[in-house]
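Q: would you be able to build a 3D model of this:
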Amino acid sequence: MALLEVKNLKVKVEDTLILKGVDLTIERGEVHAIMGPNGSGKSTLAMVLMGHPEYEVLEGDVLFEGESVLDLPPDERAKRGIFLAFQYPYEIEGVRVSQMMWKASRSLGWDMGPMEFRRLLRRYYEVLGIGDFIDREINVGFSGGEKKRSEVAQLLTLKPKLAVLDEIDSGLDIDAVRVVGAALTKAKEENPEMSMLLITHYQRILNYVKPDRVHVMVDGRIVLSGGFELSLRLEEEGYEGITKGLGV
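A: So this is what the prediction gives:
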């Protein structure tokens, strides 16, 4: 049984059809990357997988561990093991990172004591070079790169079954991409059964987290799939070059 199956998914936002029949299968432990130009539907797919209420599913299904999750709210999907790192992480005033993460651990049924959990959380935040951030308000005053590092630290801590990373490399400089890439590699090493779906414009993050499959999304459809070498071709030829002759 595949961990995730997306079947003929068609989605609209308000009156605009965004996803026009997406099919995607991710097995346990696999890393997949979706690449594509702006407006192709990549972030929409991420939001639908997590259950954002503004996205209306017109047709198709999303199966997680063999069961449809379309009727589940986001918190129930998270409890089943789906994690979303946002393209634009939200700022939440008045709530510290440690408070949010402690609540998340309790919702997942962890029986770890508060001090032990705090040590665990701080250890993973220190991996990303932001150990003191666990006592700050969620993303308030964080730079774009610090927000992304914080989300990866949360991923390391919670160890989901499926991590959906929506442009985790956007806003990161070269050094930050290396740090985040190394942390994602560490996450896979510590939790080899975890699957990842990396949504990105650029090939650079894939040098650190090598995908098993790369998919090209254009105009709401996956039009081409291949191995890691496909990302290298995209870097050289661009989206127009690589999809030329595909009728998209």
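
Q: gap between the spatially closest residue to M1 that is not a sequence neighbour and G39?
A: Nearest non-adjacent residue to M1, counting by C-beta to C-beta, 6 or more residues apart in numbering: G66, 4.9 Å away. Backbone N, C-alpha and C define where each C-beta goes, glycine included. Distance, G66 to G39, using C-beta to C-beta, to the nearest Å: 32 Å.

Q: comparing the two, which residue is more hemmed in?
A: A direct count of neighbours by other C-beta atoms under 10 Å for G66 and G39 places G39 higher, at 12 against 9.

Q: where along the protein do the helices fall?
A: Applying DSSP state H to the chain gives helices spanning 42-50, 74-80, 97-107, 114-127, 144-158, 174-190, 228-243.

Q: now the last one, how far from the chain's geometric center?
A: Relative to its parent chain, helix 228-243 has a centroid offset of 22 Å by C-alpha atoms, centre = their mean, to the nearest Å.

Q: quick one: mean pLDDT for that helix?
A: Here helix 228-243 scores 88 as its mean pLDDT.

Q: what's the answer for the first one, then?
A: The average pLDDT within helix 42-50 is 96.

Q: for that helix, which helices and strands make contact with it?
A: Using 3 or more C-beta pairs under 8 Å, 6 or more residues apart in numbering; DSSP states H and E, the elements in contact with helix 42-50 are strand 4-13, strand 16-26, strand 31-35, strand 56-64, helix 74-80, strand 82-85, strand 162-166, strand 195-200.

Q: got the CA coordinates for that helix in CSV?
A: Provided in CSV are the C-alpha atoms of helix 42-50 (Å, rounded to 0.1, in the frame of the first residue of the first chain):
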residue,chain,number,x,y,z
LYS,A,42,2.3,23.3,-6.9
SER,A,43,1.4,25.2,-3.7
THR,A,44,-2.3,24.5,-4.4
LEU,A,45,-1.5,20.8,-4.2
ALA,A,46,0.3,21.3,-0.9
MET,A,47,-2.7,23.1,0.6
VAL,A,48,-5.2,20.5,-0.6
LEU,A,49,-3.1,17.7,0.9
MET,A,50,-3.3,19.5,4.2
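
Q: for it, which outside residues touch it?
A: Among residues not part of helix 42-50, those counted as contacts by C-beta atoms under 8 Å, 6 or more residues apart in numbering are 4, 6, 9, 11, 13, 18-19, 22, 24, 34-36, 54-55, 57, 62, 74, 77-78, 82, 84, 87, 164, 166-167, 197, 199, 217, 220.

Q: can you check stretch 220-236 too?
A: Residues contacting stretch 220-236 (C-beta under 8 Å, 6+ apart): 17-24, 33-35, 40-41, 44, 202-203, 206, 210-217, 242-243, 246, 248.

Q: ok, now which ones touch the residue nearest to L63 when sequence neighbours are not counted?
A: Distance criterion C-beta to C-beta, 6+ apart; nearest residue to L63, sequence neighbours excluded, is E5 at 4.2 Å. Applying C-beta under 8 Å, 6+ apart, we find E5 in contact with L24, T25, D61, V62, L63.

Q: now rank these by neighbours and give me the top one.
A: V62 (23 neighbours).

Q: hmm, it is touching L3, no?
A: No - taking contacts as C-beta atoms under 8 Å, V62 lies outside contact range of L3: 11.6 Å.
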